[in-house]
Every structure is written in structure tokens, then in C-alpha cells.
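S.K.: Give the three-dimensional model of this entry:
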Amino acid sequence: MIERQIHFYSEGFKLDGSLYLPDDYKPGEKRPAIIPNSGYQGFNEFYPKLFARNFTEAGYVCLGFDYRSFAKSEGGEGRVILDEQVEDIQNAITFLSIQEEVDPDRIGLTGWGMGASNVVRVAAKDKRIKAVAALNGFYNGERWLRSIHSYVEWIEILKAVDEDRKQRVSTGKSKLAHPFIHYPLDRATADYVDKELAILSAFGNQTVLQFTDSIINMNAEKTVKDVKVPLFIAHGEGNLLHPLDEAERLYESATEPKELYIIEGKHNDFMYHDHEVFQKLMGRLKDFFEVNVTKKEEIVKAV
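M.R.: The predicted structure follows:
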């Protein structure tokens, strides 16, 4: 895989990223492309790069980037707002579409974890996308957040969010808090995070409480009906961070063509390049994008 450092702008913020090219890329070619997107507290150097390593082997150009406020990308301190990440992805599509190595008519999206709802919402309104894959996500923010907290905890969260709204209109700033104050990790995910992610210097910084507000207001399950391109939904059967029924409900709400694939794992216990379960997932993803991005456009152009 050939990696080239890039940057682009999203609503005035300079975002850092990488363009990943297949080893066999030849100058002048226009390749199909995929943008793999991170989940909560995710970085280009981790899952986007992992997915890109595998997609480039199948001939795709990939763009991995860090959302605003993450890693070296510009943005407000601790500012994690889902609607703004949706904007970042749309601007990433624009940037990718003007790269000389890319066929702008053959672009697909993948989103991991919290990024899964982001890509569904992008695909619902951005007609440049030919296919989208949502992996191990949650799709109705308020329902999911309530499901992982007791009733008493939920009431306290609503109070904290309301107080933060008042603070924002009074001071212009949202309160900073521990990144997992309202997003508790299950034990398996926490163990994985401590082992693989916590060692990254950019991981685990404080996050504004407005983030919780943006989760409550997110409903990709409602907007998925507007996705008119093929949709691939994959979810770990033992995922305790984002329950399997989130994927099942999204699938029920989506229109055809759609596919639901159950991963033989939890949330991210299998997220290693050489892991058998991860490679099975990659096999399904490659098949999905080959049919719906690569070959479909080749057939149209041939006609």
C-alpha cells in the first residue's frame, strides 16, 4: 500500500489525512475509491488505515482522515458533534472526487462504530455515493443511550445536557468532561481500548457535553429510508457496547437493496488484520463493493 499524506478543509477547518493507493497503481489510472470512517475517539492511523490496507489489496484508492478536533486536524478543544462529522465526510467525498487517481463516479463509504450512523446519514443525502457499509454502529441515539443506562442515570444525563445548553447560550462554551462519562464501555471493549488505543497520545482527551446532546438528536434509523444505494449492515453477535438490535432495526427500516451480516464476534475483539473473523468481514465487504461500486459502473460505462 502506498500512503501519501494529505489535508483538506471542512467548513474552514484543516483536516489531516492520508490517501492510500494500491501497490499496482499506474499513473493515469482512475480507480474506484472508498472512504473508511472512524468511530468515537477513532483515528485515521487505526481503523481507517486497517480497512485501507485491505481495500487497496482489492484495487481501491482509499482516503482516511481525522475528524475535526481529532489528532492533527483543526477544531475546537474536545468538540465532538455528530452533525459536524457528517459535514467532514461530505467534504472528504468532494476532496477525494477531485484526486487524479480516482473515478468520481465510483465512490463508496464505510463507517465503523459511531461512524456507522454518520455514513448512513451522508448516503441519505449525498447522491455521489454508490454504496455504503455500516459496521457495528447504533442508529437511534436517544434509544441507544437510554438502553445502556439505568432510569436514574438517564434522568441525570438529561439534567446535565439541559444545564450545558444553558451554559452554551450564556458563555458560548460547552463544558468539558471525561470522554466516556455518558458513553460507558463494556468490559471487553474497555480491555481492548486499554490495550490498543490508550497508548495513542491523541486518545482519551476530554470531550464537550454537547457531544451527548448530538447523540440524543441523531436518528439515522429515520433517515435510512432516503438511502437509495445498496446498504451493507454488519454487526457483532456478541456486541455489548452497541447491541445487535440496533443493526436489526436499521435493516428493517432500510429499503432494498440491503444486506445484514452477523459478525462472529463482539465490538472490536476481532479488529486485527490477521484475525479470521476480520478477514471474513473484509471478504464480504469486498464482494459488496465489487458488485455495487466497481462492476456496476463498468457495466454502465460499457453500455
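S.K.: Go through the one helix or strand residue 6 maps to and flag the buried ones.
M.R.: Element membership for residue 6 (DSSP states H and E) is strand 2-10. If you call a residue buried by 16 or more other Cβ atoms under 10 Å, then strand 2-10 has these buried ones: 6, 8, 10. (Each C-beta comes from the backbone N, C-alpha and C, glycine too.)
S.K.: Any chance of TSV for those, columns distance to residue 65?
M.R.: Output for those, formatted as TSV (distance: Cβ to Cβ, whole Å):
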residue	distance to residue 65
6	8
8	8
10	9
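S.K.: I'd like to know which of the residues you listed is nearest to residue 20.
M.R.: residue 6 (10.1 Å; Cβ to Cβ).
S.K.: Can you check the pLDDT for the closest one?
M.R.: In this model, residue 6 is scored at 97, pLDDT.
S.K.: That one bridge partners, please.
M.R.: Note on residue 6: beta-bridge partners by DSSP bridges are residue 17.
S.K.: wait, what's in contact with it?
M.R.: Residues near residue 6 by Cβ atoms under 8 Å, 6 or more residues apart in numbering: 17-19, 63, 65, 95.
S.K.: farthest-separated two in those?
M.R.: Taking Cβ to Cβ, no two of the contacts of residue 6 sit farther apart than 18 and 95, at 12.0 Å.
S.K.: Any idea how far apart the tips of stretch 91-102 sit?
M.R.: Chord length of stretch 91-102, first to last residue, is 15 Å (Cα to Cα, to the nearest Å).
S.K.: Ok, stretch 231-241 next?
M.R.: 22 Å.
S.K.: ok, residues contacting it?
M.R.: Contacts of stretch 231-241 (Cβ under 8 Å, 6+ apart): 113, 120, 123, 131-137, 185-186, 188-189, 224, 242, 244, 246-248, 250-251, 254, 257-267, 270, 281, 284-285, 288.
S.K.: So which residues of the stretch 101-250 of the chain form strands?
M.R.: Here the stretch 101-250 of the chain has its strands, by DSSP state E, counting those that start in this stretch, at 102-112, 129-135, 176-177, 207-208, 231-236.
S.K.: Quick one: closest of the ones you listed to residue 77.
M.R.: Across these, closest to residue 77 is strand 176-177 (Cβ to Cβ), at 7.0 Å.
S.K.: re the thing from before, for the contacts of residue 6, which one is nearest residue 42?
M.R.: Comparing the contacts of residue 6 against residue 42 with Cβ to Cβ places residue 65 closest, at 11.0 Å.
S.K.: Quick check: chain neighbours aside, which residue is closest to that closest one?
M.R.: Nearest residue to residue 65, sequence neighbours excluded (Cβ to Cβ, 6 or more residues apart in numbering): residue 17, at 3.1 Å.
S.K.: Just the CA coordinates for stretch 279-290, please, in CSV.
M.R.: Provided in CSV are the C-alpha atoms of stretch 279-290 (Å, rounded to 0.1, in the frame of the first residue of the first chain):
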residue,chain,number,x,y,z
GLN,A,279,-10.9,-11.3,7.2
LYS,A,280,-14.3,-12.9,6.7
LEU,A,281,-15.9,-9.5,7.2
MET,A,282,-13.4,-8.0,4.7
GLY,A,283,-14.3,-10.7,2.2
ARG,A,284,-18.0,-9.8,2.4
LEU,A,285,-17.2,-6.1,2.2
LYS,A,286,-15.0,-6.6,-0.9
ASP,A,287,-17.7,-8.6,-2.6
PHE,A,288,-20.3,-5.9,-1.7
PHE,A,289,-18.3,-3.0,-3.1
GLU,A,290,-17.1,-5.0,-6.2
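S.K.: Report the rounded mean pLDDT for it.
M.R.: 98.
S.K.: Contacts for that stretch next, please.
M.R.: By Cβ under 8 Å, 6+ apart, the residues outside stretch 279-290 that reach it are 32, 34, 51, 54-55, 58, 60, 108, 110, 131, 133, 135, 230, 232, 234, 259, 261, 263-264, 270, 273.
S.K.: Would you mind checking these for buried ones?
M.R.: Buried among the contacts of stretch 279-290 by 16+ other Cβ under 10 Å: 32, 34, 51, 54-55, 58, 60, 108, 110, 131, 133, 135, 230, 232, 234, 259, 261, 263, 270.
S.K.: how near is residue 173 to residue 79?
M.R.: 10 Å (Cβ to Cβ, to the nearest Å).
S.K.: what about those two, which has more around it?
M.R.: Comparing residue 173 with residue 79 by other Cβ atoms under 10 Å, the one with more neighbours is residue 79, at 18 against 13.
S.K.: so that one touches residue 73, yeah?
M.R.: No - if you go by Cβ atoms under 8 Å, residue 79 and residue 73 don't touch, sitting 10.8 Å apart.
S.K.: Run the chain-centre distance for stretch 45-62.
M.R.: What separates the centre of stretch 45-62 from the centre of its chain is 14 Å, taken as Cα atoms, centre = their mean, to the nearest Å.
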